[in-house]
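Enquirer: give me a model of this one.
(one chain, ligands or ions: 1)
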Amino acid sequence: MPLPRPTTPHQETAEGPYTATHRAHRPKVTELERKVAKPSRPAYSDHFRALRNATYHLTVFPLAAWTRKKIDRIRRSFLWKGEENANGGHCLVNWPTVARPKELGGLGVPDLDKFGRALRLRWLWLEWTDSSRPWSGTDVPCNRENRLLFQASTLITIGDGNKARFWTDAWLDGEAPMNLAPNLFLMVARKGRSVRQELQSNNWVNRLRNRINTAEQVEEFISLWLRIQTVQLQEGVNDSITWRWTANGSYTTRSAYRIQFKGAYSAFSSNLIWKADTENKCKVFMWILIKEKILTADNLQKRRWPCHEHCVLCNGPLETAVHLCFNCGFAKAVWNQVFTWEGINTDLLQM
Ligand SMILES: [Zn+2]
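Expert: A predicted model of the protein is given here:
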């Protein structure tokens with residue numbers, strides 16, 4: 001009797017390897033597709049509720065590239081066309097810009113990769129702060145990139161040294177020894193030992209003895225040794241952790257998400273749009289206008305769509321967003337009227 005063929009855990013499908021992650025996300029992707037494809041267009045709130053449900057999975061499963069692309073395609077199509085299939089021509093602003101926070105010039109749609117990473121840092125935070133969790137002590141679903149972000153986001157204060165990991169936690173003047181001495185870190189076999197274990201009898205020195213050969217290794221060793229001389233363990237005091245990005249020193253998903261945009265900036269004051277007392281569709285239009293992406297003749301020409309080149313209101317120069325909304329004689333007349341209603345000095349229009 002022939003033996004049954006072993007089933008492989010990774011089956012290839014049209015969308016890529018069929019893995020546990022695939023199985024976990026497939027129902028949510030299908031749900032999103034179904035909601036967007038409904039004959040009656042879903043309300044924005046429905047759409048985002050479906051999206052929020054999908055993102056709960058990100059706490060455990062990092063998104064496979066195909067899943068993120070698929071969900072982003074659904075979201076992009078819904079945003080620009082309200083339907084399932086939008087092509088590049090329908091999308092007025094590129095997706096990376098849309099997926100930035102509003103105060104950084106975006107539309108505030110969550111970036112799924114960054115959002116998932118922010119959610120998964122909670123495992124590392126709870127691993128440190130709440131050892132009563134049932135899963136405490138087991139492997140948490142965080143990869144090296146997640147751990148590096150966590151390390152850069154936290155500050156360890158050493159007590160008895162039992163909790164903090166010697167090489168990988170940021171306990172030495174706010175820095176992790178693995179970053180202060182990367183060449184030495186490569187030589188260490190057991191990288192997860194605690195500060196206490198490594199400082200006792202200078203264990204960390206003994207492990208490196210007779211293995212330091214290069215000038216870089218000697219320099220790193222001396223520098224690290226000098227720093228460690230100032231460390232005093234405090235018996236009976238637990239090591240503690242502080243989250244760098246909140247005032248109270250505790251992790252929040254929001255702060256973990258925002259910090260991943262560090263260094264980004266907005267070229268305009270977004271509060272003028274998003275805090276305005278008006279309907280959301282007007283705010284979104286103003287956002288597209290400021291990006292100079294509304295479908296005026298200059299943008300139609302870039303897409304090679306047939307258009308009337310000149311402003312049809314004044315038969316003046318090339319129709320651009322700035323001309324149509326501010327410089328055109330007709331636009332100025334409208335602004336003049338609005339300023340008069342609001343009692344604002346109309347001389348501002350001449351500026
Ligand atoms: Zn005009």
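
Enquirer: surely Gly249 meets Thr242?
Expert: Yes. Using Cβ atoms under 8 Å, Gly249 is in contact with Thr242, at 4.1 Å. Yep, even glycine has a C-beta here, placed from its N, CA and C like the rest.

Enquirer: neighbour-wise, which of these two wins?
Expert: The neighbour count for Gly249 versus Thr242, taken as other Cβ atoms under 10 Å, is higher for Thr242 (16 against 13).

Enquirer: low-confidence ranges, this structure, go.
Expert: Across the chain, the ranges flagged by pLDDT under 70 are 1-57, 83-84, 348-351.

Enquirer: point out the residues in it that sit beside the ion.
Expert: Residues of the chain lying close to the ion (Cβ under 5 Å from the ion) are 311, 313-314, 316, 328.

Enquirer: of the residues you listed, buried ones?
Expert: For the residues of the chain next to the ion, a burial check counting by 16 or more other Cβ atoms under 10 Å picks out 311, 314, 328.

Enquirer: would you turn the residues of the chain next to the ion into CSV with secondary structure?
Expert: Formatted as CSV, the residues of the chain next to the ion follow (DSSP: H, G, I helix; E, B strand; the rest coil):
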residue, secondary structure
Cys311, coil
Leu313, coil
Cys314, coil
Gly316, coil
Cys328, coil
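
Enquirer: between those, which is closest to Lys283?
Expert: Cys328 (22.4 Å; Cβ to Cβ).

Enquirer: next one: stretch 293-312 to chain centre, how far?
Expert: 34 Å (Cα atoms, centre = their mean, to the nearest Å).

Enquirer: sticking with the residue lying closest to Ser255 once chain neighbours are set aside, tell me its helix or strand.
Expert: Among residues not flanking Ser255 along the chain, Trp245 sits closest, at 4.0 Å (Cβ to Cβ, 6 or more residues apart in numbering). Under DSSP states H and E, no helix or strand contains Trp245.

Enquirer: gap between Trp245 and the ion?
Expert: According to Cβ to the ion, to the nearest Å, Trp245 and the ion sit 47 Å apart.

Enquirer: number of nearby residues for that residue?
Expert: Trp245 has 17 neighbours, counted by other Cβ under 10 Å.

Enquirer: returning to that earlier point: can you put the residues of the chain next to the ion in TSV and add distance to Phe221?
Expert: Shown next, in TSV, are these (distance: Cβ to Cβ, whole Å):
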residue	distance to Phe221
Cys311	71
Leu313	74
Cys314	75
Gly316	72
Cys328	70
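
Enquirer: ok, the residue nearest the centre of the chain - contacts?
Expert: Compute the mean C-alpha point of the chain, and by Cα atoms, centre = their mean the closest residue is Lys114, 2.6 Å away. By Cβ atoms under 8 Å, 6 or more residues apart in numbering, the contact list for Lys114 reads 257, 260-261.

Enquirer: isn't Glu103 right up against Ser269?
Expert: No. Contact between Glu103 and Ser269 fails when scored by Cβ under 8 Å: they sit 9.2 Å apart.

Enquirer: between the two, which one's more packed in?
Expert: Higher neighbour count among Glu103 and Ser269: Glu103, with 16 against 12, using other Cβ under 10 Å.

Enquirer: identify the residues contacting Thr129.
Expert: Counted by Cβ under 8 Å, 6+ apart, Thr129 has contacts Ile241.

Enquirer: now it: phi and psi?
Expert: When read as degrees, to the nearest 10, the backbone of Thr129 gives phi -100, psi -20.

Enquirer: what's next to stretch 286-303, contact-wise?
Expert: Counting by Cβ under 8 Å, 6+ apart, 89, 92-93, 97, 107, 268, 273, 276, 285, 306-311, 318-325 sit against stretch 286-303.

Enquirer: ok now that stretch, how far from the chain's centre?
Expert: Counting by Cα atoms, centre = their mean, stretch 286-303 is centred 27 Å from the centre of its parent chain.

Enquirer: how about stretch 247-256?
Expert: The answer for stretch 247-256 is 14 Å, by Cα atoms, centre = their mean.
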